[in-house]
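Chemist: I would like to see how this sequence folds:
(3 chains)
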Amino acid sequence: MIKELLANWPLLKQIKTGTDGTGPEAMSEQTRSLKPKFADAQVARSVCPYCGVGCGQLAFHKDGKLISIEGDPESPISRGHLCPKGANSFELVTHPGRELKVKYRRPRSRQWESLDLETAMDMVAERLWKSREQTFVESKDGRPVMQTKAIGHLGGATLDNEENYLIKKLFTAGLGMVCISNQARI
Amino acid sequence: MGTSFGRGGATTAQQDLANSDAILIMGSSMAENHPVGFQWVIEARKRGATIIHVDPRFTRTSAMADIWVPMRSGSDVAFLGGLIHYVLEQGKEFREYVVHYTNAATILRDDVKLPDDLAGIFSGWDEENKKYSPETWLYKDEDPKPDAIKPGHATAGGGHGKDRGGEAGDATKHETDPTLQHPNCVFNVLKRHFARYTPEFVEDVCGVPKEQFLKVAEVFSNASGPEKTAAICYAVGWTQHSNGVQIIRAAAILQLLLGNIGRPGGGILALRGHASIQGSTDIPTLYDILPGYLPMPFWESDAHTLDEYVKRHRSNSGWWSNFEKYIVSLLKAWYGSAATKDNEFGFRWLPRVTGDHSESGYWLDMQDGKMEGLFVMGQNPAVGAANGRLQRTALSKLKWLVVRDFVETETASFWHDSQEIENGELKTEDIATEIFFFPAASHVEKEGSFTNTQRLIQYHEKAIEPPEDCRSETWFLYHLGRRLKEKAKAEPIARNAGLNALTWDYPTEGPIREPVVDAIVSEINGYKTASGELVREYTELEADGSTACGCWIYSGVHPKPGHNLANQRKPKDYLGHGWGFCWPSDRRILYNRASARPDGKPWSERKKLVWWDESKRQWTGQDVPDFGKETPPDYRPDRKAEGIKRIAGDQPFIMHPDGVGWLWVSSGLKDGPLPTHYEPLEAVVENRLYPQRASNPPAEKKQRPDNPYGYSLDKRFPYILTTYRLTEHHTAGGMSRSLPHLSELQPELFCEISPEMANEIGIRHGEYATIMSPRGIIEARAMITSRMRPLKVQGRWVHEVGLPYHWGRRGLAKGDTVNDLLAISEEPNVRIMETKALVCDIRPGRRPRGKAALDELNAKMRQTA
Amino acid sequence: MSATTAFLTDSTLCIGCKACEVACKEWNNLGDDGLAWTGFSYDNTAELGHSTWRHVKFVEHPPEIGHGGNSPEVSSWTFSSDVCKHCEEAGCLEACPTGSIVRTEFGGVYVQPDICNGCSYCVVACPFGVVQRNKEDGRAFKCTFCYDRQKAGLTPACAHACPTESIKFGEIEQLRAEAERRLAKLKESGMNDAVLYDPKETSVRGTHAFFLTRGDPRQYNLPLKPEVPTIYTKQGWKSAAIGAGVLAAATMLAFIAGDNR
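Modeler: Residues are numbered from 1 along each chain as shown, chains lettered A, B, ... in the order given. Below is the predicted model of the structure:
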């Protein structure tokens, strides 16, 4: 123990190596074995989810865990760069304030309750079906209307094209919902 | 842009800005809101381009510009009209480009009247219904379509359909005067219309000193011509006005006159604020269009049968002659084998639009108790939408609400911690809304594509599984749809026919049964219905039901199995071919036929992009030609030619029936064929040009007791209110305010005011100020800075209060909600609200808490104007 | 031996977006340092510290109509991203008694967190006020020059993120030459207030992070004459030696005088 301590004592190191003790000779094992945290991770090619510039991102992950996200140097648009929001994407995915569970609030209740995901899906399907049943208009003056105006949808600009496609397909073409909007404002 | 050029997307790519000789940034703080895109502006600057920023505030964009000129919020058309006037007056237009590639030479009807003739309105105005009939705007000799209620002109109409260009008449029939001498040719009408937009007028209305305005005009127009090009970048600083579309139209006119469209370093770059704003219009989560800018059928006007619908929207020439192929292929994609020629491919199952179902439209219905349920996915209207108080109280009228997000947003929490709970307007135990909050999967926990600001579809791969209950929207919709289809199957009645027919058999994979996204991409791309073979391009689509395609403009993104071009990662050139897929057909710069002279040779060596290769008899160059690849420059259609064959070899704007860019828009816009200066819906000065018409005539105020406005020139609210974003936050904050690294950078709401204004009111830097509009009352820390400055407008000093709008009551960085001050209003074409120029009052000190805040606001409203 | 590397932070290209601050914190797992609104322009992180290793300073001067921030005549709103200078003669390194602070093969100055005992000698020894002790954890922290990334041949996180490439990273002499070229170009365009900050004439003998700024560098927290504290110690030794000499002479004199009595 003492021998070890002495061996690492800077002065002794200096004397032994003939240096001033501020270079590699003074590096700890931890320092010497330092490597980037994604050194042995896998990478997924991604795109920044914030603004419309569309910067390329590299999402490093290992054993099902996200390690880090940084700019993709090959992107002809972003050349590896990110703005503060894009640079913060790892925190966006991993921050402690992120909700991970379904939450349910009964009418007039003062609190959230927990709810099983599949049950919540069933309940939403029920509510949606019932509202549609009660408000659907098939025709007006003998001509087709085939719509409900009582159920709305808002969102889309941060979603994937494929998700938007399913929204329009299911809600509009399947259910007859016309109140479909994404707010350019936010 | 749709009406001016034919497609509603940015005409250029961000990287191409590096080739510009001058860049005008207006209606945008690009350095702040698109920082990484801004590197291409810096690149241009390094290469010697002059960067011009026109903005009421000196922003981080101004800090990087060579020239900064302030301008009063809401006077954009006056400024741009001034530039157009300057170009026409000085003869600085790119004459050869203008004559060949625009409708400058086209002769208009004799009975068309301009606002100068009619005290602020164009001919065709219906005062009672507050709308225009565009008949007099048509080209001379152009036949109006029989009994058409013109798209975009129907009362119920939105305006996203405008992106198809005008449809009210057959624009192929028209007379031209290439010498531009005819008094009623578009060029001379333009000259007349903008005659009063002199530098003196600009100074008077915008508050820009005349010399500074002229400096901008000179630099920008001198950077245009055969050897040079100039670009314009804009964002919501233009769109979010009651005349937003017309501001962009003014920019389009300017760029057409200077010959800057379709050429490297030129163009108009619309900067979209969200990862998929462009995508969510292309594949729309909007009420008035279907994928690929096909219009939704409107009950009132046109669409009881597929035949009628097609007849209305198909044009005889130009690209839209293919209209039927796209709608039939869409119906086949959605309704599958159940869609047959006999049942009009299921056209009758599509819902009809019967009114204003836009967000502002249906939110008012919600407030009036007419709605039952709402899905909110990745948006936060309680903070992000105009008139926050109304937004939140309306939610309390719902039976059920589904919110999907990363965090419990203010939209999900309105029932227990909103301003209205604080001030007693709402009581938790009285709110009967049933609320489901679903945690969302992040972009690295799912795969899919975003379409960026330059129409580039880029795919993101999945890195990890989403944690716990977090799921993608794909998962949510697929599994919700599965449940609903089971219900419909059990009840095969007429109203469920569409749902029963809906193709929904996507394969799933993995532990959470995630739908295979590739299957959706393939459907969007399109396939042959008999074999399932993917189509290579939209040119393979047919109108007989033999092809299916979910979004025709995206066709080609997945041309064969295993080849998702949105996920290409090998850029081959500066325009990025080989990286992602740019609609349409991987064309990176639209209308690029215009980069060559009418004879097919480049305008100049320095600015060449696409040109005619006589030896190969085809168009070639650095981009995919946005033109018939083998249509020679000297091709002239005969009289019988139809469809795309009707477009001559020197007509680059192939989406338009007449093949040229539109300085004058004969149909497709609800507020006039030319941009005209109007004041905002709430203004601090009168309309200098047309005192009788303060604001854009067909714009809708949606005025009602819960969405009140100030009086004209309201003394209670003497200051201009303008809102914007900061680099450090994301829109309504759902993706930034809960993150420590971003919250610390801008932890609190502040207002920006000039030292002169602070002196006038007695506000000190760093202390709180209370800001009121007719809709709301908020407090903010005062940032007193000479980056804000009063401007002399129409003889008096006008002050402006600047407010970034990201904050709400939740998250780490909290603050009052600025959008509580804004009004719900609608620009007539796209129904966007005005956020950039309203009125307010400001006083030192904090706002009262609880009900007292409302009392102060009510007391203010009771003051006599 | 690897090439010596450096940062060139060109504030004439900086858009004040703070991506460098965030990218640094993300890479190095640093927390926020409080959610206080300062009122100092758009700067709310205020200064470099144990959890802020890049910091963008905002300097406001009244703008003039017609002039953007790139106007040679008017310097209005400028931003400069501050960072550890990785001095040629590093005060912190000289002061560290535990051998925690080392100079890496890239010439950077690196605090080894597993060795640092929190004595804070480095904190007072830094002429730029860069090093700071984390009160909760006791140890001193500052920019590592992304030593972990550099070892793998990667660019430090801040430079990698910087949207406008205002933070450049590279071999030190090449960057110095680039800085000189850039400075000449700025001057040529009439930007006479542009300066290259790389204090070679003082006892820090130049830095591995140099800056191109407009106007007085002190606005950006860059002192005109940063000195390594040990030069004062050297001066101290000198005066001590003189003092000792004088004292010795006086004693001698006293003895001589005494003898005379």
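
Chemist: how close does the residue lying closest to B:Ser317 once chain neighbours are set aside sit to B:Cys185?
Modeler: Nearest residue to B:Ser317, sequence neighbours excluded (Cβ to Cβ, 6 or more residues apart in numbering or on different chains): B:Arg646, at 3.3 Å. Where you see a C-beta, it was placed from the backbone N, CA and C, and this is true even at glycine. Remark: distance between B:Arg646 and B:Cys185 (Cβ to Cβ, to the nearest Å) = 22 Å.

Chemist: okay, those two: which has more neighbours?
Modeler: B:Cys185 (24 against 21; other Cβ atoms under 10 Å in any protein chain shown).

Chemist: wait, isn't that one in contact with B:Ile107?
Modeler: Yes. If you go by Cβ atoms under 8 Å, B:Cys185 and B:Ile107 touch, sitting 5.1 Å apart.

Chemist: which residues do those two both contact?
Modeler: B:176-177 (Cβ atoms under 8 Å, 6 or more residues apart in numbering or on different chains).

Chemist: pull the contacting residues for the nearest residue in space to B:Arg471 that is not next to it in sequence.
Modeler: Leaving aside its sequence neighbours, B:Arg471 sits nearest to B:Ala441 (Cβ to Cβ, 6+ apart; 5.5 Å). By Cβ under 8 Å, 6+ apart, B:Ala441 lies in contact with B:466, B:470-472, B:475.

Chemist: switch the cut-off to 7 Å
Modeler: B:466, B:470-472 (Cβ atoms under 7 Å, 6 or more residues apart in numbering or on different chains).

Chemist: any idea of the pLDDT on it?
Modeler: B:Ala441 is assigned 98 on the pLDDT scale.

Chemist: what's the answer for B:Lys162, then?
Modeler: pLDDT for B:Lys162: 48.

Chemist: what of B:Trp797?
Modeler: 97.

Chemist: three-state assignment of it?
Modeler: strand (DSSP: H, G, I helix; E, B strand; the rest coil).

Chemist: quick check: closest non-adjacent residue to it.
Modeler: Here the residue nearest B:Trp797, using Cβ to Cβ, 6+ apart, is B:Pro790, at 4.5 Å.

Chemist: report the two of the contacts of B:Ala441 separated the most.
Modeler: B:Cys470 and B:Ser472 (8.5 Å; Cβ to Cβ).

Chemist: and of the contacts of B:Ala441, the nearest to B:Tyr678?
Modeler: When the contacts of B:Ala441 are compared against B:Tyr678 (criterion: Cβ to Cβ), the nearest one is B:Ser472, at 43.6 Å.

Chemist: could you report the neighbour count for the closest one?
Modeler: B:Ser472, neighbours per other Cβ under 10 Å, totals 27.

Chemist: how's the chain carved up into domains?
Modeler: Defaulting to chain A. A:2-32, A:42-94, A:136-186 (automatic domain parsing).

Chemist: that answer is for a different chain, and I need it for chain B
Modeler: Taken from automatic domain parsing, chain B resolves into B:2-140+B:175-270, B:281-351+B:514-566, B:719-862.

Chemist: now chain C
Modeler: Using automatic domain parsing, chain C is parsed into the domains C:5-228, C:229-261.

Chemist: pull the distance from the longest one to the chain's centre.
Modeler: With Cα atoms, centre = their mean, to the nearest Å as the basis, the distance from the averaged C-alpha position of domain C:5-228 to the chain average is 6 Å.

Chemist: quick one: mean pLDDT for it?
Modeler: Rounded mean pLDDT across domain C:5-228 is 97.

Chemist: residues contacting the longest helix anywhere in chain A, please?
Modeler: Looking only at chain A and at elements set by DSSP state H, the helix with the highest residue count is helix A:117-135. For helix A:117-135, contacts defined as Cβ under 7 Å, 6+ apart pick out A:102, A:104, A:148-151, A:175, B:372-373, B:399-400, B:402, B:436, B:438, B:469, B:479-480, B:483-484, B:487.

Chemist: B:Thr176 and chain A, how far apart?
Modeler: Going from B:Thr176 to chain A by Cβ to the nearest Cβ, to the nearest Å gives 37 Å.

Chemist: just checking, B:Glu630 touches B:Asp613?
Modeler: No. If you go by Cβ atoms under 7 Å, B:Glu630 and B:Asp613 don't touch, sitting 10.5 Å apart.

Chemist: follow-up on the earlier one: nearest to B:Lys210 among the contacts of B:Ala441?
Modeler: So of these, ranked by how close each gets to B:Lys210 (Cβ to Cβ), first place is B:Ser472, at 55.3 Å.

Chemist: so how far is C:Asn192 from the closest residue to B:Leu180 other than its chain neighbours?
Modeler: Distances taken as Cβ to Cβ, 6+ apart place B:Phe187 nearest to B:Leu180, at 4.5 Å, with adjacent residues excluded. According to Cβ to Cβ, B:Phe187 stands 46 Å off from C:Asn192.

Chemist: quick check: C:Ser80 is in a strand.
Modeler: Yes. Counting by three-state DSSP, C:Ser80 falls inside a strand.

Chemist: that one - how many residues pack around it?
Modeler: 27.
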